[in-house]
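Student: mind folding the following:
(one chain, ligands or ions: 1)
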Amino acid sequence: MRLSIAYASAVMALMATQNVHAATTTVQVSDPNGGLGFTPSNINIKPGDTVSFVFHGPHTASHASASNGCAPANPQEFNFNGNSGQVFNHTFNTAGTFNLYCAIPGHCAGGMKGVILVGSGSGSSAAPATTTTSGSNSNSGGGSTSDASSLSVKASLVAAGAALLGFIM
Ligand SMILES: *[C@@H]1O[C@H](CO)[C@@H](O)[C@H](O)[C@H]1NC(C)=O
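Tutor: Below you'll find the model as predicted:
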C-alpha cells in the first residue's frame, strides 16, 4: 500500500512537472528610442510556450512568409498591430519556423525582423493557437482576454492523477 501511494505521488509529481515546462519569452518590439528591431530577434522555444510581445511605439509583430521575411505568411498565425504600452501574448502550439517582421512600410527593410524557432523548427505552422492581449488603445481585437486552455489541461491532469490514485488503492 505504501508503495502504491508513493508510486501514485511520483506519477502526479511528474504530471505537475510537465506543466511547468510551458515558458514565456518576452520580445521587445522596437525600443524607447524607436529602433527598428525585435529584441531578442532570434528565439528558440518549445511547443506550448508563449511569446510576449512588448510594444514600444507604433509597429506590428507579424508572421512573415518563409520565402520572403518581409512579406506576410499565408496563412498567417499571428499579426499584432500595436503601440507603446501594449503587450500581446501568443502561444505557439506547433513546432515550426516562424519568421517575424514589422509590416509598417520600411521597417522590415530597416532591419525589423526575426525568427521564432518552435521545437526543432521543421514542419508546418497551421495549428490552432491562443492569443491574449492587454494594454489600452488596441486596434487588433481590443480588450483583455485570458487563456483558459492551460487551466483546463491542468484540471484534467489532476483528474487523471486522482483516478489513477483511486485505481491503485
Ligand atoms: C502576458 O504575459 C506576461 C508574461 O508572462 C504576463 O505578465 C501578462 O499578464 C500576460 N498578459 C495577458 C493579457 O495574458
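
Student: and G35, that's in a strand?
Tutor: No. According to DSSP: H, G, I helix; E, B strand; the rest coil, G35 belongs to no strand; its state is coil.

Student: my read: N42 touches G114, true?
Tutor: Yes. At 5.8 Å, N42 counts as touching G114 under the criterion of C-beta atoms under 8 Å. (Glycine included, C-beta is placed from N, CA and C.)

Student: more neighbours: which of those two?
Tutor: Using other C-beta atoms under 10 Å, the more surrounded residue of N42 and G114 is G114, with 22 against 10.

Student: what's near enough to touch that one?
Tutor: Contact partners of G114, counting by C-beta atoms under 8 Å, 6 or more residues apart in numbering, are 27, 37-38, 40-43, 99-101.

Student: for P58, same thing?
Tutor: P58 makes contacts with 82-84, 104, as judged by C-beta under 8 Å, 6+ apart.

Student: save the residues you listed as a markdown table, and put in secondary structure, neighbour count and pLDDT too.
Tutor: Output for these, formatted as a markdown table (DSSP: H, G, I helix; E, B strand; the rest coil; neighbours: other C-beta atoms under 10 Å; pLDDT from 0 to 100):
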| residue | secondary structure | neighbour count | pLDDT |
| --- | --- | --- | --- |
| G82 | strand | 24 | 98 |
| N83 | coil | 16 | 98 |
| S84 | coil | 16 | 97 |
| I104 | coil | 17 | 98 |
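
Student: hey, where'd the strands end up in this protein?
Tutor: Ranges of strands within the chain are 24-29, 38-39, 42-45, 49-55, 59-64, 79-82, 87-92, 96-101, 113-118, 130-134, based on DSSP state E.

Student: okay, those, which one's buried deepest?
Tutor: Across those, averaging neighbours per residue (mean count of other C-beta atoms under 10 Å) puts strand 59-64 on top, at a mean of 24.
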